[in-house]
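Asks: Below is the structure, and that's it, no one-letter string:
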């Protein structure tokens, strides 16, 4: 397994990261620990979680994913494992987290981090991320900015200063963003430079064959500013595994949680998934392997966050690292992309 530097943090993360959003909902603690063991054995040293996980977020299960990871960490060499977690932001109905309303002010970020540290059973996290912006911006299936939706939000300078305090206390090694757009990243970078505050080293955004919007504005910005992409949802909620093509009612998050993953229900998702699945079969690999191998080898992806509900799925996802698409396959991917550009933004 290849390891890559996360921004300019000095942290070396595996090119594949194990996501934990199913731990405590679709996976029991025992199943989750088996997944963690297998990933670690295969060279994965990077684990991503969040205070609101598992998803869909619910009060009875909130924080369970971190607790499950924490129980596993107790028997592992902490200095060999990089743990990333995230603070939930405002503008979503998660009133049970920190009593709501959620914010990214100093008090909320401290409370969020310290609760995460308790659940994880560790004194520090390697990467602390803001799960989504506090300000108004299009996300989670929206693709148009609407100034009419403006709302009060903790200023980015105040967010960055609060994070700097936590870094200074040794509770956070590096900071990152998630579900961000170019203006937000540029503002964090600008203020860090002007004020001598910690720079963000990563952004965790959706990226897959069905959603390559990162390539338009963020790829150049992040390359020039030395910010790494942590690509999540590389299988587009299972659509790129082709399981929903074979059976529209197949077991998976899209069907189990009807109100979750709305971005993956847009027009042309099925048509694009069908085209990529056909290409995979022509190439002698599974649709999931094609989709993952594409993301794994993109020049701007530092680590790809994978998730699974079974050991067989996880094994296939890890084994996809060993397959490299030929140039002709990559050329066909581009032709399909031009026919069905970003149907799941």
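Replies: Okay, I see it. None of the values given here were measured: they were computed from a predicted structure. Residues are numbered from 1 along each chain as shown.
Asks: Which stretches in the stretch 101-250 of the chain count as strands?
Replies: Counting by DSSP state E, counting those that start in this stretch, the stretch 101-250 of the chain has strands at residues 125-130, 172-178, 200-206, 228-232.
Asks: how about the helices in the stretch 101-250 of the chain?
Replies: For the stretch 101-250 of the chain, applying DSSP state H, counting those that start in this stretch gives helices covering 106-120, 156-168, 182-195, 218-225, 243-246.
Asks: what separates residue 39 from residue 146, distance-wise?
Replies: Between residue 39 and residue 146 the computed distance is 40 Å (C-beta to C-beta, to the nearest Å). C-beta: built from backbone N, CA, C; applies to glycine.
Asks: So which of the two has more stuff around it?
Replies: residue 39 (24 against 10; other C-beta atoms under 10 Å).
Asks: and the gap between that one and residue 17?
Replies: 9 Å.
Asks: quick one, what contacts the residue positioned nearest the centre of the chain?
Replies: Residue closest to the average C-alpha location in the chain (C-alpha atoms, centre = their mean): residue 232, at 3.8 Å. Contact analysis of residue 232 by C-beta atoms under 8 Å, 6 or more residues apart in numbering lists 19, 48, 204, 205, 206, 207, 305.
Asks: Looking at these, which is nearest residue 90?
Replies: Ranked by distance to residue 90 (C-beta to C-beta), the contacts of residue 232 are led by residue 204 at 18.2 Å.
Asks: Let me see the contact set for the nearest residue to residue 25 once chain neighbours are set aside.
Replies: Distances taken as C-beta to C-beta, 6 or more residues apart in numbering place residue 54 nearest to residue 25, at 3.6 Å, with adjacent residues excluded. By C-beta under 8 Å, 6+ apart, the residues touching residue 54 are 20, 21, 22, 23, 24, 25, 26, 61, 64, 65.
Asks: From the centre of the chain, give me the residue that's furthest out.
Replies: Distance from the C-alpha centroid of the chain, by C-alpha atoms, centre = their mean, peaks at residue 282 (29.7 Å).
Asks: So which of the contacts of residue 54 are in helices?
Replies: Among the contacts of residue 54, the residues falling in helices (DSSP state H) are 64, 65.
Asks: Need the max-distance pair from the contacts of residue 54.
Replies: 20 and 61 (12.3 Å).
Asks: okay, those two: which has more neighbours?
Replies: More crowded of residue 20 and residue 61, by other C-beta under 10 Å: residue 20, with 27 against 16.
Asks: isn't the more buried one right up against residue 32?
Replies: Yes: counting by C-beta atoms under 8 Å, residue 32 is a contact partner of residue 20 at 7.0 Å.
Asks: what's the weakest-modelled helix or strand in this structure?
Replies: The helix or strand of the chain with the lowest confidence, counting by mean pLDDT, DSSP states H and E, is helix 253-256 at a mean of 79.
Asks: how far does that helix sit from the chain's center?
Replies: The chain centre lies 19 Å from the centre of helix 253-256; the measure is C-alpha atoms, centre = their mean, to the nearest Å.
Asks: what packs against the very next helix or strand once past that helix?
Replies: The helix or strand immediately downstream of helix 253-256 is helix 269-282, counting by DSSP states H and E. Under the contact criterion of 3 or more C-beta pairs under 8 Å, 6 or more residues apart in numbering; DSSP states H and E, helix 269-282 touches helix 243-246, helix 287-296, helix 327-339.
Asks: nearest to residue 190, of the ones you listed?
Replies: Evaluated over the helices and strands packed on helix 269-282, closeness to residue 190 peaks at helix 287-296, with 29.2 Å, by C-beta to C-beta.
Asks: for the residue nearest to residue 25, helix, strand, or coil?
Replies: Following DSSP: H, G, I helix; E, B strand; the rest coil, the label given to residue 54 is coil.
Asks: And the one 4 residues further on, by the same measure?
Replies: Per three-state DSSP, the local secondary structure of residue 58 is coil.
Asks: ok now do it, which residues does it touch?
Replies: Counting by C-beta under 8 Å, 6+ apart, residue 58 has no contacts.
Asks: quick one: residue 323 from residue 289, how far?
Replies: For residue 323, the distance to residue 289 - C-beta to C-beta - is 6 Å.
Asks: ok, these two, which is more surrounded?
Replies: A side-by-side neighbour count of residue 323 and residue 289, using other C-beta under 10 Å, places residue 289 first with 21 against 16.
Asks: how many neighbours does residue 186 have?
Replies: Residue 186 has 14 nearby residues by other C-beta under 10 Å.
Asks: Not counting its neighbours along the chain, what's nearest it?
Replies: Residue 186 sits nearest to residue 221 (C-beta to C-beta, 6+ apart), 6.5 Å away.
Asks: And residue 189, by the same measure?
Replies: residue 225 (5.2 Å).
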